[in-house]
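>>> fold the stuff below for me.
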Amino acid sequence: MQFLRQKLNFVAERTVACGDSGNDIALFAAGEERGIIVGNARPELLEWHNHNPRQHRYLAKDFCAGGILEGLKYFGLME
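Residues are numbered from 1 along each chain as shown. Predicted structure coming up:
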């Protein structure tokens, strides 16, 4: 994600990673891109998030796409 962001000249503040499982930890662990973890995330991702909280990461209450929309609103990227 960081490679594409830099190649396409997107700033980190306008880039969002979204995920729901342990294989998404790498997206959330690197860089300062915003992150949305959906409400139905797998236990391994929730445990990692609880041990590694960051202000640029949001844990949604809603599930699936609803959680992504919730996170985008939280970050002020949509109304």
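
>>> show me where this protein has strands.
16-19, 34-37, 57-59 (DSSP state E).

>>> so what's residue 36 bridging to?
Here residue 36 sits in beta bridges with residue 18, residue 58, going by DSSP bridges.

>>> show me what contacts it?
16-19, 57-58, 60, 67-68, 70-72, 74-75 (C-beta atoms under 8 Å, 6 or more residues apart in numbering). Every C-beta, even on glycine, is put in place using the N, C-alpha and C of the backbone.

>>> follow-up on the earlier one: now the strands of the chain as a markdown table including distance to residue 7?
Compiled in a markdown table, the strands of the chain are given as follows (distance: least, C-beta to C-beta, whole Å):
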| stretch | distance to residue 7 |
| --- | --- |
| strand 16-19 | 16 |
| strand 34-37 | 19 |
| strand 57-59 | 23 |
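
>>> now mean pLDDT and distance to residue 6 too, for those strands, in JSON lines please.
Formatted as JSON lines, the strands of the chain follow (pLDDT from 0 to 100; distance: least, C-beta to C-beta, whole Å):
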{"stretch": "strand 16-19", "mean pLDDT": "96", "distance to residue 6": "15"}
{"stretch": "strand 34-37", "mean pLDDT": "97", "distance to residue 6": "16"}
{"stretch": "strand 57-59", "mean pLDDT": "97", "distance to residue 6": "20"}
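
>>> and residue 20, how many neighbours?
Residue 20: 20 surrounding residues under other C-beta atoms under 10 Å.

>>> next, count neighbours for residue 7.
Residue 7, neighbours per other C-beta under 10 Å, totals 8.

>>> do you know how far it is from residue 30?
Computed as C-beta to C-beta, to the nearest Å, the residue 7 to residue 30 distance reads 16 Å.

>>> and the contacts of residue 36, which of them are buried?
Buried by 16 or more other C-beta atoms under 10 Å: 16, 17, 18, 19, 57, 58, 60, 67, 68, 70, 71, 72, out of the contacts of residue 36.

>>> list the contacts for the residue positioned nearest the centre of the chain?
Geometric centre of the chain, nearest residue: residue 35, 1.8 Å, by C-alpha atoms, centre = their mean. Contacts for residue 35 (C-beta under 8 Å, 6+ apart) come out as 16, 17, 18, 19, 27, 28, 54, 56, 57, 58.
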